[in-house]
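*Asks:* sequence below, structure please.
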Amino acid sequence: MHEGDMQKMAPETFTYRDKPVYYYKTGEGPPLLVLHGWGSRASVMLPLAQELSGIRTCYIPDLPGFGDSPPPDRAWSVDDYADFTEAFSAEVIGKEQPVDLLAHSFGGRVTLKWCRRNDGRDRVRQVVITGGAGMKPRRTFSYYRRRFIAMALKAPFQLLPGSLKCKATEWLRSTKIWKSLGSSEYQQLDGVMRETFVKTVSEHLESCLPEIQHEVLLLWGKEDPATPWYQAERMERGLKNGALVGIDGAGHYAFLDQPDRFVRIVRAFYQDAG
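*Replies:* Predicted structure coming up:
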């Protein structure tokens, strides 16, 4: 899709829990739900969806709290995002309509949660996950050092009574020293989405993998620094019907780094599915 064409495409809206969710729809054929990663938005995935529009009708939402979709009223877990995805698929695509999935990074977390549910088992057909998050990372010394400092800073506040403890903890989280202990993504967030980020990255999803029966293509950039290759291998080992394909010269956004090869592989995968 040319940039001018993308600008002309107006998003549609879906109301979820009394808030608007913006999404794009493009293409023809069986439905394909495209889920973006953390800190991203639907427009990042739209050129990829356009390349697949000859074989699939693509639905690309701005997940709540991302892009133009407003954040939820409270901090969400991955399960909350899976609830949203299930509702979006049922109401926008249709309850009786089988759907394929293509998920990047954080969208991979949501995909694993949905696919293990009864609704996901019944409705989801073929799955592509690229740079999928959710596997427990290897921790560095720096991580444990930051964690120790955080625990030491929080310790005095644990002795305070309930109301004072909450206020003191909230103050601590607003300080520069506390923010400096978080990742760069954490430091850029505030409010509900900061709490959502913490709930999200704290949950590891290895336990979901054996329950997923779907045929899953794991399409990974071999130079991915955010979700490294060892995490892709772990995900493949845990899935009953997972297949891992690496793309040389690509990082976390493999579909942007090597778009032609990425699209060829995905098109072949979905076309084989009928």
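*Asks:* switch to C-alpha atoms for all contacts and neighbour counts from now on
*Replies:* Fine.
*Asks:* show me what stretch 196-215 is in contact with.
*Replies:* 75-78, 109, 112-113, 115-116, 121, 124-127, 134-136, 186, 235, 238-242 (Cα atoms under 8 Å, 6 or more residues apart in numbering).
*Asks:* 6 Å instead, please
*Replies:* Here stretch 196-215 makes contact (Cα atoms under 6 Å, 6 or more residues apart in numbering) with 75-78, 116, 126, 134-136, 238-239, 241-242.
*Asks:* could you pull out the helices for this protein?
*Replies:* 3-8, 42-51, 78-88, 106-116, 118-123, 141-154, 162-174, 176-180, 184-187, 191-201, 229-238, 254-257, 259-273 (DSSP state H).
*Asks:* show me the shaky parts of the stretch 51-200 of the chain.
*Replies:* For the stretch 51-200 of the chain, the stretches flagged by pLDDT under 70 are 138-155, 157-160, 162-163, 165-190.
*Asks:* go again using 80 as the cut-off
*Replies:* Residue ranges of the stretch 51-200 of the chain with pLDDT under 80: 138-191.
*Asks:* of the contacts of stretch 196-215, grab the buried ones for ChimeraX.
*Replies:* Selection of buried members from the contacts of stretch 196-215 for ChimeraX, criterion 16 or more other Cα atoms under 10 Å:
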select :75,76,77,78,116,126,134,135,238,239,242
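*Asks:* reformat the contacts of stretch 196-215 as JSON lines; add distance to Trp38.
*Replies:* Below are the contacts of stretch 196-215 laid out as JSON lines (distance: Cα to Cα, whole Å):
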{"residue": "Ala75", "distance to Trp38": "15"}
{"residue": "Trp76", "distance to Trp38": "13"}
{"residue": "Ser77", "distance to Trp38": "13"}
{"residue": "Val78", "distance to Trp38": "12"}
{"residue": "Arg116", "distance to Trp38": "21"}
{"residue": "Gln126", "distance to Trp38": "22"}
{"residue": "Gly134", "distance to Trp38": "12"}
{"residue": "Met135", "distance to Trp38": "15"}
{"residue": "Lys136", "distance to Trp38": "17"}
{"residue": "Gly238", "distance to Trp38": "23"}
{"residue": "Leu239", "distance to Trp38": "23"}
{"residue": "Asn241", "distance to Trp38": "26"}
{"residue": "Gly242", "distance to Trp38": "23"}
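*Asks:* pull the most distant pair out of the contacts of stretch 196-215.
*Replies:* Across the contacts of stretch 196-215, the longest distance by Cα to Cα is 32.8 Å; it joins Ala75 and Asn241.
*Asks:* hang on, Leu33 packs against Ala103?
*Replies:* No: contact criterion Cα atoms under 6 Å: Leu33 and Ala103 do not qualify, at 8.2 Å.
*Asks:* what's the local residue count around the closest residue to Gly132 other than its chain neighbours?
*Replies:* Once flanking residues are discounted, Gly132 sits nearest to Ser105: 4.0 Å by Cα to Cα, 6 or more residues apart in numbering. Ser105: 23 surrounding residues under other Cα atoms under 10 Å.
*Asks:* state the distance from Ser105 to Thr15.
*Replies:* Relative to Thr15, Ser105 is positioned 24 Å away (Cα to Cα, to the nearest Å).
*Asks:* which ones among the contacts of stretch 196-215 lie within strands?
*Replies:* Counting by DSSP state E, the contacts of stretch 196-215 place Gln126, Gly242 in strands.
*Asks:* mind naming the longest strand for the protein?
*Replies:* Max-length strand for the chain by DSSP E is strand 19-27.
*Asks:* dump the C-alpha coordinates for it into PDB.
*Replies:* What follows is strand 19-27, C-alpha atoms only, in PDB (Å, rounded to 0.1, in the frame of the first residue of the first chain):
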ATOM      1  CA  LYS A  19     -15.200   2.900  24.600                       C
ATOM      2  CA  PRO A  20     -14.400   3.200  20.900                       C
ATOM      3  CA  VAL A  21     -11.900   0.800  19.400                       C
ATOM      4  CA  TYR A  22     -10.600   1.800  15.900                       C
ATOM      5  CA  TYR A  23      -9.800  -0.700  13.300                       C
ATOM      6  CA  TYR A  24      -9.100  -1.100   9.600                       C
ATOM      7  CA  LYS A  25     -10.600  -3.600   7.200                       C
ATOM      8  CA  THR A  26      -9.100  -4.400   3.900                       C
ATOM      9  CA  GLY A  27      -9.100  -7.300   1.300                       C
END
